[in-house]
Each structure stands twice: as C-alpha cells, then as structure tokens.
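Undergrad: Pasted the sequence and its predicted model underneath.
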Amino acid sequence: MPFTETGIPGLLVYEPKVFNDNRGYFFESYSAQTFEKEGVQLSFVQDNQARSTYGVLRGLHYQQEPYAQTKLVRVLEGRIIDVAVDIRKGSPTYGKSFAIELSAENKLQLLVPKGFAHGYAVISETAEVMYKVDNFYNKASEGGIIYNDPALNIDWGIQLENALVSEKDLVLPALENCVHNFVYNTNN
C-alpha cells in the first residue's frame with residue numbers, strides 16, 4: 001500500500017515506489033491511477049514551489065471553503081518538518097497536529113486534505129518544496145494559526161526564537177481564535 005494512515009482521518013503519508021539502479025533512481029511522484037486505486041480521488045489544478053533556507057517557518061495556513069485546498073507536499077531538495085493541524089469542527093481529532101520529516105532522500109509526501117492548517121520548517125541548509133493543490137489561491141479566503149500556539153505544542157525541529165517567519169504569519173491568531181468554516185464529516 002502506498003498510503004500510510006496518520007491517526008487523523010483523511011491525513012495520509014504517500015510513499016511512492018522507487019526504482020533504483022546504477023544510474024540513479026526513478027519514481028512516479030504522482031499518478032492519478034495509483035491514487036484512485038487506493039480510493040483517493042483528486043483533481044490537481046496547480047503546482048507550487050518554494051525554496052527556503054534553514055530556519056524558515058511557513059504557516060500555519062489554510063483557505064476557507066469554497067476555496068479550500070487539498071495539498072500533496074513533497075521535498076525536491078533538503079529536509080523539512082511538515083505539519084498539518086485538523087481544524088474540522090466536530091472531528092474526533094480536532095486541534096490535533098501531525099508532524100513528519102519530508103526530504104529529498106526519503107521521498108515521502110504528505111496528503112493534506114481540506115479542513116487542515118498546514119505549514120513547514122526548513123531543517124537543512126536549504127530546501128526546495130513542491131506541492132500540488134486542487135483549488136486555486138484566493139486571497140480573500142486566507143486563514144491561519146500562529147505557529148507557536150501553546151495549545152498545539154508543535155515541535156518544528158528548530159529553535160523557534162531563531163525561526164525566520166513572515167510578518168503576516170507572526171500576527172496569526174491561536175487555534176481557539178481562528179476563523180474558518182470547516183466541518184468534519186465521514187467523507188473527509
């Protein structure tokens with residue numbers, strides 16, 4: 001099975017099958033056929049890519065419905081701690097976070113469904129992160145949660161006092177004060 005459950009409904013780790021030989025390696029980083037075979041039906045509309053240096057922390061971000069996005073996150077170079085927080089009202093794991101190291105070396109990917117806040121911290125000298133989304137960016141629907149919310153107690157893998165965080169992310173609210181319109185149902 002290419003997917004591993006995380007303990008949070010809908011949040012999955014994808015591990016592609018990698019073919020190594022004396023020339024290097026080959027793998028399908030995404031195949032609609034593979035995902036559909038496992039019951040994961042998505043239609044991605046955009047790829048986003050970011051390059052950052054050690055200590056950069058991006059997040060925690062989301063877009064509200066009807067512009068919410070499912071993301072498939074992977075690392076092309078370097079290493080990150082990738083984090084998703086369940087913010088679906090009524091979810092049995094509401095407010096629970098999940099963190100995983102994604103790297104160019106391990107080739108793991110995190111499938112972050114709608115209804116989650118998402119962010120990452122760079123734990124290597126540099127990192128290049130790419131993620132697919134199933135909906136276009138809409139500025140008016142932006143939302144977020146402060147990265148250092150004590151209620152979440154996220155281990156970002158870096159010293160937070162040295163984190164490089166955007167001005168926009170520094171003023172995000174705590175989970176208890178964030179505004180969103182996500183509701184849990186057994187289909188998500």
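TA: Right, received. Where do you want to start?

Undergrad: What sits closest to residue 149 if chain neighbours are left out?
TA: residue 174 (4.6 Å; CB to CB, 6 or more residues apart in numbering). Just so you know, the C-beta spots here come from the backbone N, C-alpha and C atoms, and that holds for glycine as well.

Undergrad: The one you found reaches residue 145, doesn't it?
TA: Yes: the pair residue 174 / residue 145 is scored as a contact, 6.8 Å apart, by CB atoms under 8 Å.

Undergrad: of the two, who's got more company?
TA: The neighbour comparison of residue 174 against residue 145 (other CB atoms under 10 Å) goes to residue 145, with 29 against 13.

Undergrad: And that one, its phi and psi?
TA: Main-chain dihedrals, residue 145, degrees, to the nearest 10: phi -130, psi 140.

Undergrad: That one and residue 179 touch, don't they?
TA: No: between residue 145 and residue 179 there is no contact under CB under 8 Å: 10.4 Å.

Undergrad: Return every residue with contacts to both of these two.
TA: Counting by CB atoms under 8 Å, 6 or more residues apart in numbering, the residues touching both residue 145 and residue 179 are residue 173.

Undergrad: Give the buried residues for the longest helix belonging to the chain.
TA: When every helix of the chain is counted residue by residue (DSSP state H), the longest turns out to be helix 32-37. Of all the residues in helix 32-37, those buried under the rule 16 or more other CB atoms under 10 Å are residue 35.

Undergrad: try stretch 127-134
TA: 127-134.

Undergrad: Reformat the residues you listed as JSON lines; add pLDDT, secondary structure and distance to residue 11.
TA: JSON lines is the format used below for the buried residues of stretch 127-134 (pLDDT from 0 to 100; DSSP: H, G, I helix; E, B strand; the rest coil; distance: CB to CB, whole Å):
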{"residue": "127", "pLDDT": "98", "secondary structure": "strand", "distance to residue 11": "21"}
{"residue": "128", "pLDDT": "98", "secondary structure": "strand", "distance to residue 11": "23"}
{"residue": "129", "pLDDT": "98", "secondary structure": "strand", "distance to residue 11": "18"}
{"residue": "130", "pLDDT": "98", "secondary structure": "strand", "distance to residue 11": "19"}
{"residue": "131", "pLDDT": "98", "secondary structure": "strand", "distance to residue 11": "14"}
{"residue": "132", "pLDDT": "98", "secondary structure": "strand", "distance to residue 11": "16"}
{"residue": "133", "pLDDT": "98", "secondary structure": "strand", "distance to residue 11": "16"}
{"residue": "134", "pLDDT": "98", "secondary structure": "coil", "distance to residue 11": "15"}
